[in-house]
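In: just coords:
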């Protein structure tokens, strides 16, 4: 394969992933800023926010379902077709959220429709990650797989950057009344344009050559009939699944505490303006866009394990400093808190794509990677803002939240230490060991 083809595959995965996560994160930012007022207006502010985060969490509960179903068919018929479907489903759900009536207009039906569309968002993004990462990883040369597979990961902070940036612009240009009335809808409706662009970019990409070769071997051996990939993962690859979930736990929890809960904490407790909070998130997301591929490239040189373990251990301690910096409310300290936090997160998230992909053989890689990544999100990212908010309401302190981050990141550190080192391994070597 030419370097040009690899760059095109990486670009297509980056663009599509950024658009899908733009849609997904847009909901999270809106949950913190407007959904508590427009869809749960009967409750006091922090309770309304908890209910809004509850609908936010539902998207995470739908992600494993999407991961399992998309993974099954992705391991059977190919990576590309499932990626196209996930992009379209996400775009339709996000566009429809921008058209929803509010609680004042239709009563209880407003949050019901919001929940249904959030579930569709979660289902779609559940199938996105595995396909986007594997398409690039399976095209990449083994010596640089960490670097190239990290580009779909860059789509996550880039999507967050787009969502928070557009909300920050609208917030700055509009009064609070106009933003609550109609301004918040604009980023959701723009999703239709972005999905069209993503579809156009991805349609030209060919199927993974590693998968195509695996399917040819399967057909020669057994006529194409074999056990469901998800069942095989649960029966024969439990160690890889446990390591993958352990790697994911602290990374996912720390990310959503930093990017979702902290917005609510800053605006409703510390008293920082909505614009200042969003600008701090923007700065951190921009730093993460640089840190993720750089630290993934480092994992190609020194190994996945040390880079990941250092990131997880650093994040376990940074939580305590993070909230101390936020509580001051000073813009420079806010920027420092988010930038350092998301760079440490990048030390985990950058190598993670290749690391998790290398835990499973080709015949079940989509299913194994998706289950490890998405099932963990139920216990991690989905509940992290809710648990953080509940801990704060119960104690009036952020220290228990920092302890929560410490404990879960310690698990991720342990998983990285216990994992086999896989940098530089060909997928043929990995398949032979499975």
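Out: Done, it's in. As the structure is a computational prediction, the values presented were derived from the model and not from experiment.
In: the helices in the stretch 301-434 of the chain, which residues?
Out: 304-328, 331-357, 365-379, 384-395, 399-418, 427-433 (DSSP state H, counting those that start in this stretch).
In: which one of those helices lies nearest to residue 212?
Out: Comparing the helices of the stretch 301-434 of the chain against residue 212 with Cβ to Cβ, the closest turns out to be helix 427-433 (12.5 Å). From N, CA and C alone the C-beta is placed, and that goes for glycine too.
In: residues contacting the closest one, please?
Out: Residues outside helix 427-433 that contact it (Cβ atoms under 8 Å, 6 or more residues apart in numbering): 138, 142, 210, 214, 358, 360, 361, 362, 363, 422.
In: chain neighbours aside, what residue packs nearest to the fifth one?
Out: Right, the one you point to is residue 358. Closest residue to residue 358 apart from its sequence neighbours, by Cβ to Cβ, 6 or more residues apart in numbering: residue 422 at 3.7 Å.
In: and the gap between the one you found and residue 144?
Out: 14 Å (Cβ to Cβ, to the nearest Å).
In: between those two, which one's more packed in?
Out: Neighbours per residue, other Cβ atoms under 10 Å: of residue 422 and residue 144, the larger number sits with residue 422, 23 against 17.
In: the helices of the stretch 301-434 of the chain: which one's closest to residue 294?
Out: helix 331-357 (7.3 Å).
In: show me what contacts residue 102?
Out: Counting by Cβ under 8 Å, 6+ apart, residue 102 touches 38, 39, 110.
In: now with 10 Å, please.
Out: 34, 35, 37, 38, 39, 41, 110, 111, 114, 180, 181 (Cβ atoms under 10 Å, 6 or more residues apart in numbering).
In: and if you look at residue 114?
Out: Counting by Cβ under 10 Å, 6+ apart, the residues that residue 114 touches are 27, 30-31, 35, 38-40, 52, 55-56, 58, 96-97, 100, 102-103.
In: just the strands from the stretch 51-200 of the chain, written as ranges.
Out: Using DSSP state E, counting those that start in this stretch, no strands are found in the stretch 51-200 of the chain.
In: could you pull out the helices for it?
Out: Using DSSP H, counting those that start in this stretch, helices in the stretch 51-200 of the chain cover 79-97, 103-106, 109-139, 145-173, 176-178, 185-189, 191-203.
In: helices or strands up against the first one?
Out: Put plainly, it is helix 79-97. helix 3-30, helix 45-76, helix 109-139, helix 185-189, helix 191-203, helix 209-222, helix 365-379 (3 or more Cβ pairs under 10 Å, 6 or more residues apart in numbering; DSSP states H and E).
In: verify the contact between residue 214 and residue 360 for me.
Out: No - Residue 214 lies out of contact with residue 360 (Cβ atoms under 10 Å); the separation is 11.9 Å.
In: could you dump the helices of the stretch 301-434 of the chain into CSV and include mean neighbour count and mean pLDDT?
Out: What follows is the helices of the stretch 301-434 of the chain, written out as CSV (neighbours: other Cβ atoms under 10 Å; pLDDT from 0 to 100):
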stretch, mean neighbour count, mean pLDDT
helix 304-328, 21, 96
helix 331-357, 25, 95
helix 365-379, 27, 89
helix 384-395, 19, 91
helix 399-418, 20, 97
helix 427-433, 14, 83
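In: closest one to residue 284 among the ones you listed?
Out: Nearest to residue 284, of the helices of the stretch 301-434 of the chain and by Cβ to Cβ, is helix 331-357 at 3.2 Å.
In: distance to residue 174 and pLDDT added to the contacts of helix 427-433, as CSV?
Out: Converted to CSV, the contacts of helix 427-433 look like this (distance: Cβ to Cβ, whole Å; pLDDT from 0 to 100):
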residue, distance to residue 174, pLDDT
138, 45, 87
142, 50, 92
210, 49, 77
214, 52, 72
358, 47, 93
360, 47, 92
361, 52, 90
362, 50, 85
363, 52, 85
422, 49, 90
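In: picking up where we left off before, most neighbours among the contacts of residue 102, which one is it?
Out: That'd be residue 35 among the contacts of residue 102, by other Cβ under 10 Å, with 29 neighbours.
In: on that earlier part again, go ahead and build a ChimeraX selection from the buried members of the contacts of residue 114.
Out: Buried residues among these (16 or more other Cβ atoms under 10 Å), as a ChimeraX selection:
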select :27,30,31,35,38,39,40,52,55,56,58,96,97,100,102,103
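In: what is the nearest of the contacts of residue 114 to residue 345?
Out: Of all the contacts of residue 114, residue 56 has the smallest distance to residue 345: 19.0 Å, by Cβ to Cβ.
In: ok, back up a step: which of the contacts of residue 114 lies closest to residue 312?
Out: Looking across the contacts of residue 114 and measuring by Cβ to Cβ, the closest to residue 312 is residue 56, at 24.4 Å.
In: picking up where we left off before, for the residue nearest to residue 358, give me phi and psi.
Out: phi -120, psi 0 (degrees, to the nearest 10).
In: wait, isn't it in contact with residue 149?
Out: No - the pair residue 422 / residue 149 is not scored as a contact, 11.6 Å apart, by Cβ under 10 Å.
In: much appreciated, bye for now.
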